[in-house]
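**Q** Turn this into a model:
(2 chains)
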Amino acid sequence: MVKIVSVHSFRGGTGKSNLSANLSVSLAMMGKRIAVFDTDLASPGIHVLFDYTAAPGDLLINDFLQANAPIKKCIHDVTPRQVRAAKGRIWLAPASMESDKIAKIIREGYEVEKLNDAMFGLIDELKLDYVIVDTHPGINEETLLSAAVSDALVMVMRPDSQDYLGTAVAIEVAERLDVPQINLVVNKLPDCFEPSSVKEKVKASFDYDPSAILPLSSDLLNLASGGLAVLEYPDHQWTLQVKQLASLLESTLQDSDD
Amino acid sequence: MIDLDAFSGKLSMSRLLSLEPVGIRRLLKSGLRRGATNDEVAVILKNDCQLDPESLPAQQLLEHFKAIGWFVYHGDRWKTHF
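**A** Numbers count the residues shown, from 1 in each chain, chains lettered A, B, ... in the order given. Next comes the predicted model:
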């Protein structure tokens, strides 16, 4: 049965899109079929990680949400070569980078239930195993909908006081919406922080053990969204932990089917 | 006793989030994704809303939600609309 995983953060700059993309690839490397939705419509970016550039005439998720374009025409196969070799597939529903379309979506919004319809319109058609939703930071109608329909909410935060406060709010909202599974990920942990201390602080703050504590990595900074870390640096500590997170999601979410 | 007058106007996700009692949130959440079957709705009414699904209050609740367009039966499933 398909699983919907929303990757969210209360604040921007947490590496949410980077994690969404690399988590998608890690799952696809297990032979899974993945659709990635970029619902960060005000500040899209995940397409860059998949090296996708919209060609003239390409339809994007904005065209489905605001112009009733068929959702099947708004997704694009972005499967990297290594993923294809592993029998996985990744489709991306990218958001528009055109300023007028971004302005239109901010100005007019859209009916959030269309997001729901978009996901479930594709699940059967593409025989998907996972839908990964890269959300807009903070709390708004779209992120609430994404959380409400998710089997798991991956909350990304930095070890920063503002992130602790914001993440607490987001978790409270997710619990109120009965999200079945919440996975906390601490990202961009500087060298000077002791992971075990951060783990204890996260547990004390939220009553959840972090599912991953990912280091701030100069290698990732050098990559500068110019590729997918799990493919470029397969043995890097950051990559290994993202793969573990993917395995954790795969095992826990499949267990929830039982 | 659920006060039906508390449920009116346009539904939004932020409105859904604020609804009480919790059974109402669960009922409306069940109408997301692919929607809820009659059996699934009956379980929520019984377990989360403490209403016998066949009872008059349960039927009045569903009729009210249908009337205001929040929770509508389509084909074989209940769907939540915003």
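
**Q** going forward, measure contacts between C-alpha atoms and count neighbours the same way
**A** Fine.

**Q** Please identify which helix or strand holds the closest residue in space to residue B:44 that isn't next to it in sequence.
**A** Once flanking residues are discounted, residue B:44 sits nearest to residue B:27: 6.2 Å by Cα to Cα, 6 or more residues apart in numbering or on different chains. Assessed by DSSP states H and E, residue B:27 sits inside helix B:22-30.

**Q** That helix: what's the following helix or strand?
**A** Following helix B:22-30 in sequence, per DSSP H and E, is helix B:38-47.

**Q** Show me what that next one is packed against.
**A** Identification of packing neighbours for helix B:38-47 by 3 or more Cα pairs under 8 Å, 6 or more residues apart in numbering or on different chains; DSSP states H and E yields helix B:22-30, strand B:77-80.

**Q** If we use 10 Å, what do you get?
**A** Packing partners of helix B:38-47 (3 or more Cα pairs under 10 Å, 6 or more residues apart in numbering or on different chains; DSSP states H and E): helix B:22-30, helix B:56-68, strand B:77-80.

**Q** pull the CA atoms of the second one into PDB?
**A** Looking back up the chat, that one is helix B:56-68. Coordinates of each C-alpha in helix B:56-68 appear next as PDB, following Å, rounded to 0.1, in the frame of the first residue of the first chain:
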ATOM      1  CA  LEU B  56     -30.900   9.900  15.400                       C
ATOM      2  CA  PRO B  57     -28.100  12.200  16.700                       C
ATOM      3  CA  ALA B  58     -25.500  10.400  14.400                       C
ATOM      4  CA  GLN B  59     -27.800  10.700  11.400                       C
ATOM      5  CA  GLN B  60     -28.500  14.300  12.200                       C
ATOM      6  CA  LEU B  61     -24.700  15.000  12.400                       C
ATOM      7  CA  LEU B  62     -24.100  13.500   9.000                       C
ATOM      8  CA  GLU B  63     -27.100  15.200   7.500                       C
ATOM      9  CA  HIS B  64     -25.900  18.500   8.900                       C
ATOM     10  CA  PHE B  65     -22.400  18.000   7.400                       C
ATOM     11  CA  LYS B  66     -23.900  17.100   4.100                       C
ATOM     12  CA  ALA B  67     -26.100  20.200   4.100                       C
ATOM     13  CA  ILE B  68     -23.200  22.500   4.800                       C
END
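
**Q** buried ones in the following helix or strand past it?
**A** Toward the C-terminus, helix B:56-68 is succeeded by strand B:71-74 as the next helix or strand (DSSP H and E). Neighbour-count burial for strand B:71-74 flags B:71, B:72, B:73 (criterion: 16 or more other Cα atoms under 10 Å in any protein chain shown).

**Q** just curious, which of those residues is nearest to chain A?
**A** Distance to chain A across the buried residues of strand B:71-74 (Cα to the nearest Cα) is lowest for residue B:71, with 12.6 Å.

**Q** rewinding a little: what's the neighbour count on the residue nearest to residue B:44?
**A** 23 (other Cα atoms under 10 Å in any protein chain shown).
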